[in-house]
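Engineer: Could you work out the structure for the sequence below:
(one chain, ligands or ions: 2)
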Amino acid sequence: MTRALRLFSPALAVAGVALFVVLSGGASAAAVLASGHETAASQSKPLVTDPRDAGGKLDLRAAKRLSPDARCLVSISTWGSWSSTILEGSNYTPGKNQLLVLYDLNGDNRPDLTGNIIFVSNAYFYLFIDSNPDFAPAGGSRTSPSSVAVKVCQPLFQLMHIPRTVRVAFESVNRTHRDRMPDRGWIRLRVL
Ligand SMILES: [Ca+2]
Ligand SMILES: [Ca+2]
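Structural biologist: Ligands and ions are numbered 1, 2, ... in the order given. Got it, this is the predicted structure:
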C-alpha cells in the first residue's frame, strides 16, 4: 500500500510525478473495463448491473450516477431491502457487514484505495477511505429501502493528482455472503 505517496506533500512531489506517469498509461486495463466509457447521455441508465448471485441482504443489483458533477454522487442498490443499522460502525471503522467502494487509480486491476460506507447515526452515512483520517469522509444518504447514495469521487480531491477518470467497483459482505459488482473488471467514472 502506497497511499501516503498520493496524499499531498511537497516532500513527495517527485514520487507523485512518477505516479502521474503510471496513471497516464492504462492501455491494458482498458481492455477489461466492464461497461465502457461513461458519457453524459448515459447518466440516466445504470453504470453497472449485477445478478442476484450472492444471497444475503446486501446482494448487489445496480449502481447509477445521480449527478454529473465531480463528486460523482452514485446510488448503489441491492436486490432486497435492508435496515441502515446493518452497516453500523464507528468513525472510519466498519462493522461486521460491509459495503465497499474499490478504486483502481493506476490501471493495474488492483484496488489502490478502499472506501467503507458506514452508518454512523440517525440518517447519516459516510464513505471513509482505508480507515484513514487523512481522507475527509464523504457524505451519503438512503435513496430507497434498497439503496444508498454516496459521493464516490469526493475523497479523491485530497490526492496530489486528482485523476480525470477513476475505475471503481463495489463489494458487499453480509455474514457469509460476498458480492462484487461488476463480477470482474471496473466501471470508469469521469471525475473532472
Ligand atoms: Ca449481486
Ligand atoms: Ca456480483
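
Engineer: host element of the closest residue in space to residue 104 that isn't next to it in sequence?
Structural biologist: Leaving aside its sequence neighbours, residue 104 sits nearest to residue 167 (C-beta to C-beta, 6 or more residues apart in numbering; 4.2 Å). Just so you know, the C-beta spots here come from the backbone N, C-alpha and C atoms, and that holds for glycine as well. Assigned by DSSP states H and E, residue 167 falls within strand 165-174.

Engineer: again with residue 188
Structural biologist: Going by DSSP H and E, residue 188 is in strand 187-190.

Engineer: contacting residues around residue 85?
Structural biologist: residue 119 (C-beta atoms under 8 Å, 6 or more residues apart in numbering).

Engineer: For it, give its distance to ligand 1.
Structural biologist: Note on residue 85: its distance to ligand 1, by C-beta to the ion, to the nearest Å, is 21 Å.

Engineer: Tell me, how many residues neighbour the nearest residue to residue 191 once chain neighbours are set aside?
Structural biologist: Leaving aside its sequence neighbours, residue 191 sits nearest to residue 153 (C-beta to C-beta, 6+ apart; 4.8 Å). Residue 153 is flanked by 26 other residues according to other C-beta atoms under 10 Å.

Engineer: ranges for the helices of this structure?
Structural biologist: 3-6, 13-24, 27-30 (DSSP state H).

Engineer: for the strand holding residue 188, packing partners?
Structural biologist: Helices and strands touching strand 187-190, as assessed by 3 or more C-beta pairs under 8 Å, 6 or more residues apart in numbering; DSSP states H and E, comprise strand 165-174.

Engineer: Mind listing the residues bridging to the spatially most central residue of the chain?
Structural biologist: The chain has residue 101 as the residue nearest its centroid, 2.8 Å off, counting by C-alpha atoms, centre = their mean. Going by DSSP bridges, residue 101 is paired in beta bridges with residue 115, residue 170.

Engineer: Identify the residues contacting it.
Structural biologist: 114, 115, 117, 127, 150, 152, 168, 169, 170.
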